[in-house]
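**Student:** dropping the sequence and predicted coords here.
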Amino acid sequence: MKETVAILDAGAQYGKVIDRRVRELSVETHILPMSTPASQLSEYAAIIISGGPQSVYDAEAPEFDPRIFELGRPMLGICYGMQLINYALGGTVERKSRREDGPCTIEVSDASALFSGLDTRQTVLMSHGDSIGGLAAGFRATANSNGLVAAIEDPARRMYGLQFHPEVDLTEHGKQMLHNFLYSVAGLSGSYTMEDRIAKATDYIHEKVGDGEVLLLVSGGVDSTVCAALLNKTLGPERVHAIHIDNGFMRLDESRKVKEALQANGLELTVIDASDDFYKGTTEVGGNIVGPLDTVTDPQAKRHIIGDTFMRVAENAIRQLNLDPERTFLAQGSLRPDLIESASKIASGKAQVIKTHHNDTELVRMLREKGRVIEPLQDYHKDEARELGRRLSLPDDIVMRQPFPGPGLAVRILCAEEPYITDEFEDINAQLHAFSTLGVTATLLPVRTVGVQGDGRSYSYLAGLSGAKDWRHLMQIAREIPKAIHRINRVAYIFGEKVEGPVTEITPTHLTPDVIGQLQQADDIVNNALRQYGLLQRLSQVPVISFPVSFGKKGARSIAIRTFITNDFMTGRPAVLGKDFPEHALDDMVIGILRDVQGVSRVVYDLTSKPPGTTEWE
Ligand code: XMP
């Protein structure tokens, strides 16, 4: 039997996180629909049933084949998956009056193989409304949280269930629990190693491409760069055509650095400087022409123009290469989570086209229709792609690069012609004053940023705190403000003198070369410090943002440093100063920006988690 684990997807929010964790434990996984027939699952060494949003009694609950429970394969149900196991085998599930959401403490039984080696009290992430009522015959409860069943098992049938999410970081010893399931319960040996996978990726490329050629658009991010290096090593440079389009919103000197890194790896990269095409780019949205880009302020309009301009520029560049569509393959650096995500969106009828936008020129479309798109990294998660890049001798500077949005710095410059001051401004500002305590002043700022609140995106006010630099206290206020005042979705600490009185002025800002240059410089200072202090790995992403609040300095803008720690970018938190991020590192950045970048009034540090703020500010 193959040592592969089937993950049955019941609509999980954290499905790809389960996948990553299991692969991290050197076990191969396949994600399959919940409805997969038992006959197809008998080949798998074990089955994990994911969480999902439904209740097992819902009419829309995902279908399943009841015979999967008779296969005799070791089985682990997570959250909804546990309830399904219990329900399908004759137990009951009940809706309790209170939901359990967020980190909880549970008591586990040390007699359970799943909790072997762990303390009795465990911190875990719960997220459920339903709970186990009556246990199915043969099962016993092996953990509880405040009297509710938190884990079940029938060791004779090797069936286990967890009411919480072992796959996420918030479950402190979740990885050990998964390890126990895979190694002790299912008896796997962990044979899915990096060597094995590189060999597989290489075979895949040879098999698909034969003696053909490959075209690849390289952004400079980890995925496309590692993909380029892998193709180069496998096929040789003559058969790999790599193009990099500089849209004018790259980081300082980035295009040159990417070219050099690939050159050092024996791969020629054609860099096309298209900044002017982008700055002056226009496009049509709903029958109206929007742009040129250097006159628009709306974030979505910016994204539209950049996406469409990218397509036009790429089209020209590809035409100039005179590639034969019959012999050419388009390579993309898509990673496993991208593919899981798009597959699950297609499966749930919510296919999203935005992500493919920039790889959608006419030739690209033609190649896709002919089945000529190859995705050699489709089996890799981000950290694994990094490891692969390292083995292909890419420098750490490239391999450890944090994700960078396709539209680049264009979505990190908040543009505005006038301050954002609605009728509620004064009222919200007055409410904010309640949070001015212990030497801290809370002030409403006349700009808005994007966030996630409730079920959707919000585009709301930014609040600034200034004064006493007690980070614990500041973090706490930052958590409370958006809960109390829903029209605020983001809170930042403003360095320097306390900001008193209403802040109502901005410096009109568009995507012009001077503003871009200013942000490039600030971003470079932050990134150099991150590198110097070895923080690039510890922090998942650190957007540096320009926003137009002048704080009384005529013609000036301000710079925000937004640190973000996450596994999947669906939720996350800022770095805690003194814990994830030494305070003197942040001080160095702030001093460096104020000293070296012209026209900066204040530097702020974003204190917001996601939700209610997003990673990026727009
Ligand atoms: P948010 O801001 O939604 O971002 O928390 C989540 C992740 O997505 C990246 N991001 C983008 N990437 N084009 C991209 O290629 C975009 O328009 C875009 N917007 C956000 C963001 O940097 C973060 O990693």
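**Tutor:** Nice, I can see it.

**Student:** helix, strand or coil for residue 130?
**Tutor:** Taking DSSP: H, G, I helix; E, B strand; the rest coil as the rule, one finds residue 130 in the strand state.

**Student:** likewise residue 179?
**Tutor:** helix.

**Student:** so it makes contact with residue 27?
**Tutor:** No: Residue 179 lies out of contact with residue 27 (C-beta atoms under 8 Å); the separation is 9.6 Å. Glycine gets a C-beta too; all of them are placed from N, C-alpha and C.

**Student:** could you point out which element follows the helix or strand of the chain with the lowest mean pLDDT?
**Tutor:** Lowest by mean pLDDT, DSSP states H and E among the helices and strands of the chain is helix 336-347, with a mean of 68. Sequence order places helix 362-369 as the next helix or strand after helix 336-347, per DSSP states H and E.

**Student:** who's in contact with that next one?
**Tutor:** Helix 362-369 is touched from outside by 215, 314, 315, 318, 319, 323, 325, 328, 329, 330, 373, with contacts defined as C-beta atoms under 8 Å, 6 or more residues apart in numbering.

**Student:** give the buried residues for that helix.
**Tutor:** 363, 364, 367 (16 or more other C-beta atoms under 10 Å).

**Student:** export that helix as CSV, just CAs?
**Tutor:** What follows is helix 362-369, C-alpha atoms only, in CSV (Å, rounded to 0.1, in the frame of the first residue of the first chain):
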residue,chain,number,x,y,z
GLU,A,362,-3.8,35.6,-26.0
LEU,A,363,-0.8,33.3,-26.4
VAL,A,364,-1.2,32.2,-22.8
ARG,A,365,-4.8,31.5,-23.3
MET,A,366,-4.1,29.5,-26.4
LEU,A,367,-1.4,27.5,-24.7
ARG,A,368,-3.8,26.8,-21.8
GLU,A,369,-6.5,25.6,-24.2
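
**Student:** can you list the residues of the chain near the ligand?
**Tutor:** Residues of the chain lying near the ligand by C-beta under 6 Å from any ligand atom: 303, 403, 405, 406, 407, 411, 541, 569, 610, 614, 615, 616.

**Student:** now those in TSV, with secondary structure and neighbour count?
**Tutor:** Shown next, in TSV, are those (DSSP: H, G, I helix; E, B strand; the rest coil; neighbours: other C-beta atoms under 10 Å):
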residue	secondary structure	neighbour count
303	helix	18
403	coil	14
405	coil	18
406	coil	19
407	coil	22
411	helix	22
541	strand	18
569	coil	14
610	strand	20
614	coil	22
615	coil	20
616	coil	18
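
**Student:** now stretch 489-509: buried residues?
**Tutor:** 489, 490, 491, 492, 493, 494, 495, 499, 503, 506, 507, 509.

**Student:** please apply the same query to stretch 209-218.
**Tutor:** 209, 213, 214, 215, 216, 217, 218.

**Student:** check stretch 475-491 too.
**Tutor:** 475, 477, 478, 481, 482, 485, 487, 488, 489, 490, 491.

**Student:** now do stretch 187-203
**Tutor:** 188, 192, 197, 198, 201, 202.

**Student:** which non-adjacent residue is nearest the fourth one?
**Tutor:** This means residue 198. residue 388 (6.5 Å; C-beta to C-beta, 6 or more residues apart in numbering).

**Student:** give me phi/psi at the one you found?
**Tutor:** The phi/psi pair for residue 388 (degrees, to the nearest 10) reads phi -60, psi -40.

**Student:** which residue packs closest to residue 84, ignoring adjacent ones?
**Tutor:** residue 56 (5.6 Å).

**Student:** that neighbour reaches residue 89, doesn't it?
**Tutor:** No: counting by C-beta under 8 Å, residue 89 is not a contact partner of residue 56; they are 11.6 Å apart.

**Student:** in contact with residue 497, which residues?
**Tutor:** Residue 497 neighbours (C-beta under 8 Å, 6+ apart): residue 466.

**Student:** mind running it again at 10 Å?
**Tutor:** Neighbouring residues of residue 497 by C-beta atoms under 10 Å, 6 or more residues apart in numbering: 466, 467, 551, 602.

**Student:** quick one: pLDDT of residue 30?
**Tutor:** With respect to pLDDT, residue 30 scores 94.

**Student:** okay, now it: neighbour count?
**Tutor:** 15 (other C-beta atoms under 10 Å).

**Student:** do residue 605 as well
**Tutor:** 23.

**Student:** for residue 575, same thing?
**Tutor:** For residue 575, using other C-beta under 10 Å, the count is 23.

**Student:** might one say that it is in contact with residue 535?
**Tutor:** Yes: Residue 575 is within contact range of residue 535, at 8.1 Å (criterion: C-beta atoms under 10 Å).

**Student:** and for the residue of the stretch 451-600 of the chain found nearest the ligand, nearest residue in space, chain neighbours not counted?
**Tutor:** For the stretch 451-600 of the chain, the residue closest to the ligand is residue 569, as judged by C-beta to the nearest ligand atom, at 4.1 Å. Counting by C-beta to C-beta, 6+ apart, residue 569 lies nearest to residue 615, which is 6.1 Å off, once chain neighbours are set aside.

**Student:** can you give me the strands in the stretch 101-250 of the chain?
**Tutor:** 121-132, 140-145, 148-154, 159-162, 213-217, 240-246 (DSSP state E, counting those that start in this stretch).

**Student:** which of those sits most buried?
**Tutor:** Ranked by mean neighbour count, those are led by strand 159-162 with a mean of 29 (mean count of other C-beta atoms under 10 Å).

**Student:** how close does the residue nearest to residue 84 get to the ligand?
**Tutor:** Remark: distance between residue 56 and the ligand (C-beta to the nearest ligand atom, to the nearest Å) = 32 Å.

**Student:** quick check: that residue touching residue 88?
**Tutor:** Yes: between residue 56 and residue 88 there is a contact under C-beta under 10 Å: 8.1 Å.
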